[in-house]
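K.L.:
Next comes the sequence, and after it the predicted model I'd like to discuss.
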Amino acid sequence: MAEPENWDGREAEPGGDRILRSYVRWTFERAHQQGKIPTSSDGAHSAFNTGLATARQETIYGLFRRNSRPDSQPWIFVDWCLESKRDFMEHFPPSLRPGFVTYTDNPADYIYDWRRELVVSVDHILDDQGNLARFPATLQGNPHLARMVLKGAIDGAENRVRRSYKAAVPTWYPVQSAVQLLLPLSLLDASVVDLALVVSRQGEFYRGHTVLTTAMAYNNARLLARPDSDWLQPAADDEP
């Protein structure tokens with residue numbers, strides 16, 4: 001139903017749409033947190049706004065009905081519905097229609113302010129074996145070289161963001177309910193982005209505190225919007 005988009009990454013799987021499954025799961029969770037899953041006037045149905053649209057830009061909603069079975073889950077998923085569908089309109093007139101989820105009250109959170117200092121604990125990133133395993137194989141066995149390369153890649157990322165604000169991609173971190181930014185790290189080849197540096201606003205500066213594979217980064221960034229970036233695209237299968 002939604003407008004065409006790559007929801008699988010480079011490596012399609014049986015069942016597919018792994019990025020979409022993550023997107024729907026966390027969008028529903030956010031809608032629940034914000035109280036944006038209204039109930040119809042007769043109390044028999046509820047719905048949430050998926051934030052997705054058809055190719056004609058018609059909003060898509062998830063529709064539920066109340067479960068009549070005792071001692072079971074209170075709601076049952078019915079279908080994905082367009083706002084123009086008659087049954088949906090009967091249950092949810094404009095006054096009851098579910099609104100879009102939001103992730104910040106300050107639009108400036110989506111833009112990297114290059115005037116602020118970026119502080120990165122390179123050693124902290126490399127001391128985490130989970131992070132080091134995300135580096136190219138040639139760097140995993142040489143922490144000293146990885147440290148030097150990472151420092152240079154961070155400088156390159158800052159320069160890239162200065163040239164184009166789109167290089168810093170906003171992302172959502174559900175654990176802290178916070179908008180963060182992703183900066184591209186080219187470790188071995190300036191034309192290839194190997195990792196994404198996760199940056200958070202800390203007072204008057206930015207703190208870079210971990211790295212993600214591009215697959216993980218895209219999965220998280222897609223919660224906010226389809227990334228409009230030349231470096232962050234659907235990638236291979238990684239857990240978010």
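P.N.:
It's in.
K.L.:
Centre of the chain to the lowest-mean-pLDDT helix or strand in the chain, how far?
P.N.:
Least confident helix or strand of the chain, by mean pLDDT, DSSP states H and E, is helix 129-132 with a mean of 88. Averaging C-alpha positions (CA atoms, centre = their mean, to the nearest Å) puts helix 129-132 21 Å from its chain's average.
K.L.:
Quick one: list the elements packing against it.
P.N.:
Contact partners of helix 129-132 among helices and strands, from 3 or more CB pairs under 8 Å, 6 or more residues apart in numbering; DSSP states H and E: none. In short, each C-beta sits where N, CA and C put it, glycine included.
K.L.:
Now do the buried residues in stretch 167-183.
P.N.:
A167, A168, V169, P170, T171, W172, V179, Q180, L181, L182, L183 (16 or more other CB atoms under 10 Å).
K.L.:
Kindly indicate which of those residues lies nearest S46.
P.N.:
S46 has its nearest neighbour among those in W172, at 23.4 Å by CB to CB.
K.L.:
quick one: contacts for the closest residue to that closest one other than its chain neighbours?
P.N.:
Leaving out its chain neighbours, the residue that sits closest to W172 by CB to CB, 6 or more residues apart in numbering is L223, at 4.4 Å. By CB atoms under 8 Å, 6 or more residues apart in numbering, the contact list for L223 reads S22, Y23, W26, T27, R30, Y103, T171, W172.
K.L.:
can I get the residues you listed in a markdown table with secondary structure and distance to D42?
P.N.:
Supplementary listing: those in a markdown table, determined by DSSP: H, G, I helix; E, B strand; the rest coil; distance: CB to CB, whole Å:
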| residue | secondary structure | distance to D42 |
| --- | --- | --- |
| S22 | helix | 33 |
| Y23 | helix | 30 |
| W26 | helix | 29 |
| T27 | helix | 25 |
| R30 | helix | 26 |
| Y103 | coil | 32 |
| T171 | strand | 39 |
| W172 | strand | 34 |
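K.L.:
which residues sit in contact with L197?
P.N.:
L197 neighbours (CB under 8 Å, 6+ apart): V120, I154, A157, L182, L183, P184, L185, G208, T210, V211.
K.L.:
circling back to that earlier point, among the buried residues of stretch 167-183, name the least confidently predicted one.
P.N.:
Looking at these by pLDDT, the weakest one is W172, with 91.
K.L.:
Which residue ranges make up each domain of this structure?
P.N.:
18-96, 107-221 (automatic domain parsing).
K.L.:
Highest mean neighbour count out of those domains?
P.N.:
domain 107-221 (a mean of 17; mean count of other CB atoms under 10 Å).
K.L.:
Ends of it, what's the gap?
P.N.:
This stretch, domain 107-221, spans 15 Å end to end (CA to CA, to the nearest Å).
K.L.:
what about it, distance to the chain center?
P.N.:
15 Å.
K.L.:
Confirm for me that D8 is in contact with Y218.
P.N.:
No: assessed by CB atoms under 8 Å, D8 is found out of contact with Y218, at 11.3 Å.
K.L.:
Return every residue with contacts to both of these two.
P.N.:
Common neighbours of D8 and Y218, counting by CB under 8 Å, 6+ apart, are I19, P234.
K.L.:
excluding its backbone neighbours, what's nearest A146?
P.N.:
Nearest residue to A146, sequence neighbours excluded (CB to CB, 6+ apart): L139, at 4.1 Å.
K.L.:
So what touches the longest helix seen in the chain?
P.N.:
Ranked by residue count, the top helix of the chain under DSSP state H comes out as helix 143-163. Defining contact as CB under 8 Å, 6+ apart, one finds that helix 143-163 is touched by 112, 114, 118, 120, 122-123, 125-126, 132, 135, 139-140, 167-168, 183-188, 190, 194-195, 197, 208.
K.L.:
Mind checking which of the residues you listed land in strands?
P.N.:
Counting by DSSP state E, those place L118, V120, L183, P184, L185, L195, L197, G208 in strands.
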